[in-house]
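> based on what follows, work out the 3D shape:
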Amino acid sequence: GQEIFYLNVFTILLYTLTILIIGKTVKILTNNYYSFLVVLVLILNHPIIWLPWSNYVAYFFLSISIYFLVKKKFNDNYLFGLFLAITILSRQDFFLPLILFFSILVLIKLIYKKILFYKSFISFIIPIFFFFLYLVFNDVYYDWKKTIELPILYLEYRNTNILSLIFNFIYFFITKTFFNFINLPQYCLILFILTINFIFLYFSLIKKNYDIFCLILLSFLLCAVSINLESFRLYTSVSFGIITTAIFLYQLK
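Model (predicted):
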């Protein structure tokens, strides 16, 4: 039948909505001009989906989560936590970076703003709790657990380790991306995002703007999802750093 065709159409729809949601998020933090610019840049660099993969689905839900976090002025809210959890359930590769991001955000809010973030915590835990209940009651928990071991098998098969992958990731963007602009132009945007965010990270700490600091940190943590350097993974994870890149350029003027 047409299942594969409709799956592609569905993924294209999610990806298009994601770019628009990111644009609306940038609009809240800057203005219409930067919002339009971000949407245009993302479309020109990654205009179509490569394949109907779950990264695009997770990218969509993560964009909604960050939108509600920004819209509520980085305050505690149910929708932020809920969509963050759905992101993880859409693509479990996002589990570790998003858990770290959420934990750091909660600690910063508790220490500097005296906010418990209990609403987001509750809405974050409930979907994941029901997912594990589903696994247990359907007697598939141990089958699912085996999938967690796949990255370890991948490292063994490639005769490498996580430190080597991180080194190759950094080396690729420092050397091959910059000096191979003609063949790999789409990677230059990711390099630009990572560079600007690295600079912005320093200034956000000096100014004690911890909300922006957490958003910048998210883009770096999401590098874990795309450490094998496939461009569609980079554009469904690290490209979130374009939000803070736009903020930096907006403040710079």
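
> just give the nearest non-adjacent residue to Ile166, would you?
Ile227 (6.8 Å; CB to CB, 6 or more residues apart in numbering). C-beta here means a position set from N, CA and C on the backbone, and glycine is covered the same way.

> show the contacting residues for the one you found.
Residues counted as contacts of Ile227 (CB atoms under 8 Å, 6 or more residues apart in numbering) are Leu165, Ile166, Phe169.

> show me what counts as buried in the helix or strand hosting the last one.
Assigned by DSSP states H and E, Phe169 belongs to helix 162-171. Judged by neighbour count (16 or more other CB atoms under 10 Å), helix 162-171 contains these buried residues: Leu165, Phe169.

> how about stretch 58-69?
Ala58, Tyr59, Phe60, Phe61, Leu62, Ser63, Ile64, Ser65, Ile66, Tyr67, Phe68, Leu69.

> check stretch 12-19 too.
The neighbour-count check on stretch 12-19 (16+ other CB under 10 Å) flags Leu14, Tyr15, Thr18, Ile19 as buried.

> send me it as CSV with only the CA atoms.
Extracted in CSV, the C-alpha atoms of stretch 12-19 (Å, rounded to 0.1, in the frame of the first residue of the first chain):
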residue,chain,number,x,y,z
ILE,A,12,7.7,16.1,6.6
LEU,A,13,4.7,17.7,8.3
LEU,A,14,6.3,17.3,11.7
TYR,A,15,9.6,18.7,10.5
THR,A,16,7.9,21.8,8.9
LEU,A,17,6.0,22.5,12.1
THR,A,18,9.1,22.1,14.1
ILE,A,19,10.9,24.8,12.2
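
> could you check how far that stretch is from the centre of its chain?
Chain-centre distance of stretch 12-19: 14 Å, with CA atoms, centre = their mean, to the nearest Å.

> quick one: average pLDDT of that stretch?
Mean pLDDT, stretch 12-19: 95.

> with stretch 215-234 instead?
91.

> mind exporting the C-alpha coordinates of stretch 138-158 to PDB?
Provided in PDB are the C-alpha atoms of stretch 138-158 (Å, rounded to 0.1, in the frame of the first residue of the first chain):
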ATOM      1  CA  ASN A 138       3.200  -6.800  28.700                       C
ATOM      2  CA  ASP A 139       6.300  -8.800  29.800                       C
ATOM      3  CA  VAL A 140       8.600  -7.100  27.300                       C
ATOM      4  CA  TYR A 141      10.800  -5.100  29.800                       C
ATOM      5  CA  TYR A 142      13.800  -7.400  29.400                       C
ATOM      6  CA  ASP A 143      13.400  -7.400  25.600                       C
ATOM      7  CA  TRP A 144      13.400  -3.600  25.700                       C
ATOM      8  CA  LYS A 145      16.400  -3.500  28.000                       C
ATOM      9  CA  LYS A 146      18.400  -5.300  25.400                       C
ATOM     10  CA  THR A 147      18.000  -2.400  23.100                       C
ATOM     11  CA  ILE A 148      19.900  -0.200  25.600                       C
ATOM     12  CA  GLU A 149      22.900  -2.400  25.000                       C
ATOM     13  CA  LEU A 150      23.000  -1.700  21.300                       C
ATOM     14  CA  PRO A 151      25.300   1.400  21.600                       C
ATOM     15  CA  ILE A 152      27.800  -0.800  23.500                       C
ATOM     16  CA  LEU A 153      27.700  -3.400  20.700                       C
ATOM     17  CA  TYR A 154      28.100  -0.600  18.100                       C
ATOM     18  CA  LEU A 155      31.300   0.600  19.900                       C
ATOM     19  CA  GLU A 156      32.700  -3.000  20.100                       C
ATOM     20  CA  TYR A 157      31.900  -3.700  16.400                       C
ATOM     21  CA  ARG A 158      33.600  -0.500  15.300                       C
END
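
> what residues does it touch?
So stretch 138-158 is contacted by Gln92, Phe132, Leu135, Asn161, Ile162, Leu165 (CB under 8 Å, 6+ apart).
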